[in-house]
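>>> Sequence first, then the predicted structure:
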Amino acid sequence: MMTAKPLIEVQDLVKYYPVQGGIIPHTVAEVQAVDGVSFTVYEGETLGLVGESGCGKTTVGRTMLRLETPTGGEVRFEGANIFDLKGPALKALRREMQIVFQDPFASLDPRLPIGESIGEGLAIHGMGNGRERYERVIEALSRVGLERYHATRYPHEFSGGQRQRIGIARALVMNPRFIVLDEPVSALDVSIQAEVLNILKDLQRNMGLTYLFVAHNLAVVEHISDRVAVMYLGKIVEVTTRAALFRKPLHPYTQALLSAIPMPDPTLKRDRVILKGDVPSPLNPPKGCRFHPRCPIAEERCSVEEPALRELESGHQVACHFAERFL
Amino acid sequence: MPAKSAAPNGNAPILEVRDLKTYFFTEDGVVKAVDGVDFYVKHGEVLGLVGESGCGKSVTSLSILRLIDRPGEIVGGEVFFEGENLLDRPLDSMVDIRGDRISMIFQQPKSSLNPVFKVGSQIVEVFQIHDEKMDKAVAWEKAVALLKRVGIPDPESKAHAYPHQLSGGQAQRVMIAMAMALQPELLIADEPTTALDVTIQAQILDLIRELNHETNTAVILITHDLGVIAEMADRVAVMYAGQIVEEVSVEGLFKNGLHPYTQGLIKSIPVLGSVQEQLNTIPGSVPNLIDLPAGCRFASRCPARVEHGLSICEEHMPNLLEVAPGHEVRCWLYEDAAGHTAPLKPGKGKKKK
Amino acid sequence: MTATDTLAAPPQAVKSNSLLQLTLRRLFKQRNARAGAVILGFLILVAIFAPAIAPYDPTLSLLDIEPVTIRQAPCIHLLGCPEDQAQHLMGLDGNARDQFSRVVYGTRISLFIGFSTIGLAIVAGTLLGAIAGYAGGWVDNVIMRTMDVLLAFPSFLLAIAIITILGRGLQNALYAIAIVNTPHFARLVRASVLSIKEQEFVAATRALGASAPWILFRRILPNALPPLIVQGTLGIAGAILEAAALSFLGLGAQEPAAEWGTMLGRERGQVFTAPYLVFYPGFAIMFTVLAFNLLGDGLRDAMDPRLSQVSKAK
Amino acid sequence: MTQYILRRLLLSIPVLFGILIATFAIARLIPGDPCTAALGERATQAACDAYNLRMGLDEPIYVQLGIYMRDVLTGNLGDSIRFSRPVFTIIIEKLPVTLELGLAALTLAILVGVPAGILSAVRRNSKVDVATMVAANIGVSMPVYWLGLMLAYLFAVLLRDTPFWLPPSGRLTAGLSSIPFYRAWGLPISDGTFGFPIFEFLSNLYILNSIITLNFKVLFDTIKHLILPAVALSTIPMSIIARITRSSMLEVLGQDYIRTARAKGLRERLVVLRHGLRNALLPIITIVGLQVGTLFAGAVLTESIFSLSGVGRSLFDAITGRDYPVIQGFTVVIAVGYVIVNLAADISYAFADPRIKLD
């Protein structure tokens, strides 16, 4: 993977949400949803972005597609900063980058037959005439395992898994190169989840797609990803390959996360690291390392100095002052 | 139904559910959410009730306490708790059982607490419901002590907090404190960690485990997460479309799950640290609970049926039968038409390559 | 994969149902909504066929035509009124006009008032609300603060104040009612736009590169329609009631128009001597308003998004 | 919460400002020049010139607006054309009548509407529920004046010689009069005494006045006269409150915390009353505030039916008599009152809901 060329480079991405308050409403605080995140997605790979709720992983995906206005930083798609794009250039880029949402029901317009939802992108971009568009919609449907006759049905007539496949078809029909998958299976039952994950893998293989897979379920992320980035409170704490993540996690948070996941194997008796307390509010994140109040190995330094994301081994970056201990 | 009057090894179960049926009479038809469920829970054990959404596991748990609201109705079956059939009681007297001898915690801890009352007084309420003479100040002391026991930091002041001031994990701890207040004999935990983050989930599961050991309270743990089951349960009942399809010890389930649905479910989850190219899938979808098939409810999705060319699956419902000590399955692969358990006899139209 | 193939569900020839069809089906499952629809249908028929139903010209005084007196009590042959006397189902009013004919024709005016005022209010309110909700910032502030001021007056008082400016008469009453109703629709549409704007399917459309007007007109506004229809139906009920009240006070429709409120207002002093002159027009108002209220209520239940989640849960 | 209340108060300032501008505009927009509007059609040119000079009507429009605002804020609402009396005095005289009627109707609406809504929700789809909701639907469709006339016909004519007879008009039976408390107590208060308008205002609330002066004959007579108009006026708010209570209660009864309360072993009655009602009442606070607007519309009509000389009736008379200063003055007072009532409702909501209280 390391030899592949970078498709997307995210550099110091920052996204703050203002909090209105006071007697005369004004911005009294900022939710630091994403605070200086950098990573690279290589062509043809799947990068998993994992973290607990409120860590900013979804915001990263949405901001990369400019569904949210960034507060700072750059996102380069094949070298060009997409935050600089406007008008037709931005519209053209939209064809290259697509998104699949978490809630497959909410992400489909309930008033449209799904064929029209899927074909909407083609219509927006004026691609082909009605007939050609229809054919492409049918093709996209068949790629996700749905039939021609499904095109005239409405979202409420489908099961959760089918709806998520429709969501994928809508992204596919544009022939994108990059897709952000925003928690695409977390609303689904396990047996359905497997089906969608398989489809995603097949499509990537057949169409040469690049994925950013955002999820909170580490097992799912590990299953589908080539590399994994772990986020905590708006920061990336560790980036590594899938194998290294499980075998040798270097950040105490990653270790805790791994050990907190219940394993479907009753014979496995593990020494678990159970983190104390709750995730602090991104409104007022802790000084220094954001993880230090919950960290089992925190020292004085951690509450003062923020650790940088550094490469300890080839392709394995970690943001912890004491990560060397786990090498 | 073959009766299972007592669990093996003479230990009488604390709770035994027999042929429980809870239907919902909706405008579209009768939804058979729970349709003949049998299981038992022994003293002090953790029974995992696992299944996918809509399989009836939550309705089952609510039926035990008879908390089913219209248009739902318990239409049949028996729920023996310490030998007494709860369904025979006058509904009014269920309040003596609820919260005192059997208590419940739910999936959405924050919305399960009343937003306009302090959490302390919501715990106090439990004491006062079941002991009207208890002094308010005494009850408050006990509530604070409980909050401390479930690991709420600074319990004295947190007792004065309102639910919206708590995090999801803290709210679930409060719910647990409330449920454990009167040291019930049985705790029903309905997806207690589904709404929580993994690290918080681990804390809550640990707490439930601890309380189970400490007070010997039996637990019914309802979840869709096989990982949680493996970590927590002693025995497991697998539900599918309103029925139990398999009931076995937790080791037995993962090592030797017999029902094709159980097998499919276990193989469909990605396991951390094991690289799989493709995940197993269960084709098709759960049957409509209004219009259920005559035969086995899993038949239309069952790869084993196709593999073995069984035709009986679509015509007749198999029974939940004990195929090995403490291991029950509802499947024609392990039963013959006379209702005896039997090893699998491959059918005529066998397709195996 | 062989198992999958044999297990795949065969293509079903199930008829596809749009959301509209589903809503309608749900609507007509409700007794209230059915009753409302039936009454409304009846009223529309009465309005259309008024000339055929009404035995007399509603503005014609019968004094010189038939041997009648003013405010003559109802004469119904079935109830024993002598056959040689002309039948007047609801009696004659102070001008010796056949009240039954006037009540029948009144349906036309009331329905017209309801639909036209609320139609106007919906158009104006939707425009203002959509602009405010979509543009945000100072545009939003200016529009919505103006609406707040309008809402700060009890609506009937505002309508009276507007008529004071415009002068009395049916047409001005219509404008007044349209104006006092506009802020409600503006608020509703703005709120819908704001909430729909945050829906994922709108984000999905934005991710496809759609322009702002495309999103507003094709995604947001069509989905803002259901609450608008509910509010509109209930609004018609209110508008008919308000218009009749204005006419009752002499501010709306003027003599000799066959308007229920006007009829009531003119004969109110006769309630102790000729109660039928007060009873029938008032009953007609209530009956008509009830139809819209029942229908509006039914629509609200049928379009409740929480109910459409039922199919999702299954 | 102080912040919430302060913000809410600040937000009503522009609205109050807007009301002043709007009512100012009414005076400028009425057909004909303000002079004839104020002095009547027969005003001479000389009288008009004097008037214009006195009212500052020769000043630029924004100065006029300034003068108007100053006047309103100091209680100077101009003089009635028809009665040649200050509008302020007329309001002091008429407002108690409307207030008494409105409060009686609102109390009735709440006392009947809330329990009916609760009962309906708890016995969902039962006969009680269906009957209540049919009644409520008819109630909101009711032309108040028609109901008033029909009630008057029923109780004053049809039931004339029965104990159920009720008077169809007025505040007191002819011959009876309500003696102001300050006079009954022999207090040295007369027109011109400091604070006289307040005493006048209070003594015009007959129920209050007759209770504190222990004049039960007047009290019962007042109540008897109040029943029909109050019932007519309360119909619409009562129906709305019943419907909102029902739907709010249904929503609350479906919440997770209700299930928790049941699972604790709480008896159903307490589940509904302690856990349900407390939450269900929150939205009702706001609705009650908004009903004051409906009550006002109804008051104009009801007072005119039952010959009660209150704000509504006076306003109607002013409109018929083109008494523009009265229209303008009443409009300002009513709109400001309405804003204050809704502000009060919002603030009580904040007190009742810990989610706002503790913010």
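Received it, and whenever you're ready, just let me know what you need.

>>> neighbours around C:Gln146, how many?
In this structure residue C:146 is Thr, not Gln. Neighbour count for C:Thr146, taken as other CB atoms under 10 Å in any protein chain shown: 16. (C-beta placed from N, C-alpha, C; glycine too.)

>>> ok, now C:Asp297?
Taking other CB under 10 Å as the criterion, the count of residues near C:Asp297 is 23.

>>> what does A:Gly208 give?
Neighbour number of A:Gly208 under other CB under 10 Å is 10.

>>> before we move on, what about the one 5 residues further on?
Using other CB under 10 Å, A:Phe213 has 27 other residues around it.

>>> Confirm that it sits in a strand.
Yes. If the criterion is DSSP: H, G, I helix; E, B strand; the rest coil, then A:Phe213 is within a strand.

>>> Might one say that it is in contact with A:His223?
No. A:Phe213 is not in contact with A:His223 according to CB atoms under 8 Å; the separation is 9.7 Å.

>>> Setting aside sequence neighbours, what's the nearest residue to residue 27?
Here I'm looking at chain A. Closest residue in space to A:Thr27, ignoring its immediate chain neighbours: A:Pro18 at 4.0 Å, by CB to CB, 6 or more residues apart in numbering or on different chains.

>>> not what I meant, chain C
C:Ala302 (4.0 Å).

>>> Let me see the contact set for that neighbour.
With contacts defined as CB atoms under 8 Å, 6 or more residues apart in numbering or on different chains, C:Ala302 is in contact with C:Thr23, C:Leu24, C:Arg26, C:Leu27, C:Gln30, C:Ala33.

>>> Swap in 10 Å and give it another go.
C:22-30, C:33, C:226, C:229-230, C:308 (CB atoms under 10 Å, 6 or more residues apart in numbering or on different chains).

>>> now swap in C:Leu194 and tell me
C:Gly129, C:Ala132, C:Gly133, C:Tyr134, C:Gly136, C:Asp140, C:Ile220, C:Ala224.

>>> quick one on the thing from earlier: neighbours of the residue nearest to A:Thr27, how many?
As a burial measure, A:Pro18 scores 12 neighbours (other CB under 10 Å).

>>> Over to the one 5 residues further on?
Counted with other CB under 10 Å, residues neighbouring A:Ile23 total 15.

>>> can you check the one 10 residues further on too?
Other residues within reach of A:Ala33, judged by other CB under 10 Å, total 23.

>>> C-terminal to whichever strand or helix holds it, which secondary structure element comes first?
In this assignment (DSSP states H and E), A:Ala33 forms part of strand A:26-42. Sequence order places strand A:46-50 as the next helix or strand after strand A:26-42, per DSSP H and E.

>>> Tell me if the next helix or strand along the chain from that next one is near chain C.
On the C-terminal side of strand A:46-50, the closest following helix or strand by DSSP H and E is helix A:57-64. Yes. Using CB under 10 Å from any CB of the partner chain, helix A:57-64 reaches chain C at A:Arg62.

>>> where along the stretch 1-150 of chain B do the strands fall?
Under the criterion DSSP state E, counting those that start in this stretch, strands of the stretch 1-150 of chain B are mapped to B:15-26, B:29-41, B:46-50, B:72-81, B:84-85, B:102-105.
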